[in-house]
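>>> A predicted structure for the sequence below; I have some questions about it.
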Amino acid sequence: MIGHPAYRRLVRASAWYDLVVTIGFATPWTYVLVHDLLHRVTEHFGLGTVPPVEPMQILFANLMGSVVVVWSLLRLLRTSALHGLYDGIARVLFTLWQTYALYHGVTAVLWLFIVVEMVFGVAQLLPWLSRRTCLATG
């Protein structure tokens with residue numbers, strides 16, 4: 001399954017998702033717009049609150065956004081199965097940290113991101129785990 005074209009399409013789909021979701025975090029100007037949107041959504045649906053924008057928050061959002069945008073472009077322009085493995089591992093980490101933040105009172109809007117992270121993470125890691133199991137038993 002790892003060498004199958006469907007797996008490469010999955011890696012590209014996860015890259016497109018990341019690019020669309022995080023490009024707004026990549027600059028201070030776009031982050032303020034994303035923050036405002038998140039604030040409005042959480043307020044409208046009663047999902048908690050988003051803290052006010054602060055320079056340190058903007059810095060970390062921009063760092064994360066920049067790295068994820070570059071990582072997304074790499075997966076789109078040089079798609080490989082190995083990128084799917086690493087992306088799956090990163091998604092497990094993102095899921096852990098988002099769940100940790102949720103546990104500590106961050107807005108419930110994070111559930112939307114957690115679900116997507118988990119789905120893409122499992123989908124990209126299962127073929128690698130199956131491959132390992134096949135090699136160990138075969």
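Sure thing, it's come through.

>>> Quick check: longest helix in the protein by residues?
helix 110-137 (DSSP state H).

>>> roughly how far is the lowest-mean-pLDDT helix or strand in the chain from the heart of the chain?
In the chain, the helix or strand scored least confidently by mean pLDDT, DSSP states H and E is helix 110-137, which has a mean of 86. Between the centre of helix 110-137 and the centre of its chain there are 14 Å (C-alpha atoms, centre = their mean, to the nearest Å).

>>> list the buried ones in it?
L110, I114, V116, E117, M118, F120, G121, A123, Q124, L125, P127, W128 (16 or more other C-beta atoms under 10 Å). (Each C-beta comes from the backbone N, C-alpha and C, glycine too.)

>>> Generate JSON lines for these, with distance to T22 as supplementary columns.
What follows is the buried residues of helix 110-137, written out as JSON lines (distance: C-beta to C-beta, whole Å):
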{"residue": "L110", "distance to T22": "14"}
{"residue": "I114", "distance to T22": "15"}
{"residue": "V116", "distance to T22": "12"}
{"residue": "E117", "distance to T22": "12"}
{"residue": "M118", "distance to T22": "17"}
{"residue": "F120", "distance to T22": "13"}
{"residue": "G121", "distance to T22": "16"}
{"residue": "A123", "distance to T22": "19"}
{"residue": "Q124", "distance to T22": "17"}
{"residue": "L125", "distance to T22": "21"}
{"residue": "P127", "distance to T22": "25"}
{"residue": "W128", "distance to T22": "24"}
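
>>> Closest to L33 out of these?
L110 (19.1 Å; C-beta to C-beta).

>>> Now do the closest one against L47, distance only.
9 Å (C-beta to C-beta, to the nearest Å).

>>> likewise N62?
24 Å.

>>> now L112
9 Å.

>>> Check E117 too.
Counting by C-beta to C-beta, the gap from E117 to L47 is 17 Å.
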